[in-house]
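A.B. asks: Give me a model of this one.
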Amino acid sequence: MDRLRIDKWLWAARFYKTRSLASEEIGKGRVAVNGQDAKPAREVKVGDTVAIRREAVTRTVTVLGISGLRGPAPAAQLLYEETTESLAARDQAAEQRRYAREPALSIEQGRPTKRSRRELDDTRKGWGDRWSASLDD
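C.D. replies: Numbering: from 1, shown residues only. Model prediction:
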């Protein structure tokens, strides 16, 4: 076996948990083979470059082996090698996330509940017609 469908290879290399998830991501344009957008039936061979975009990071890997079977993680890692540029970009993205968290992640819940809305209204009643909490002289 010298060629294999890209969705099956991504599943076997453990980039995605199921083949259908891999096919969906390919369909959304998040996977490119040799710089071109791929379709799920696109075949990959040894030596191809695959770019996988997940969240805010693009992983670029070189295909080292072909396997149609999903095996253990150590065996799956032998199917590809990540490029040095991709490793550096992932490290930089992880460091950036660690130092500057996304503000939306601090919001625990969306809309206020009925109880919390009433508490907000009660605190605003003490302000009167003022638009800020500062006292006017």
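
A.B. asks: For the rest of this, base every contact and every neighbour count on C-alpha atoms.
C.D. replies: Fine.

A.B. asks: Just want the phi and psi numbers for the most centrally placed residue in the chain.
C.D. replies: In the chain, the C-alpha nearest the mean C-alpha coordinate belongs to residue 55, at 2.3 Å (CA atoms, centre = their mean). Note on residue 55: its backbone torsions stand at phi 60, psi -120 [degrees, to the nearest 10].

A.B. asks: need the helices for this protein, in chain order.
C.D. replies: 6-12, 19-27, 73-76, 84-99, 114-125 (DSSP state H).

A.B. asks: Now render these as a markdown table, adding mean pLDDT and mean neighbour count.
C.D. replies: Shown next, in a markdown table, are the helices of the chain (pLDDT from 0 to 100; neighbours: other CA atoms under 10 Å):
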| stretch | mean pLDDT | mean neighbour count |
| --- | --- | --- |
| helix 6-12 | 94 | 26 |
| helix 19-27 | 94 | 18 |
| helix 73-76 | 93 | 14 |
| helix 84-99 | 89 | 12 |
| helix 114-125 | 82 | 11 |
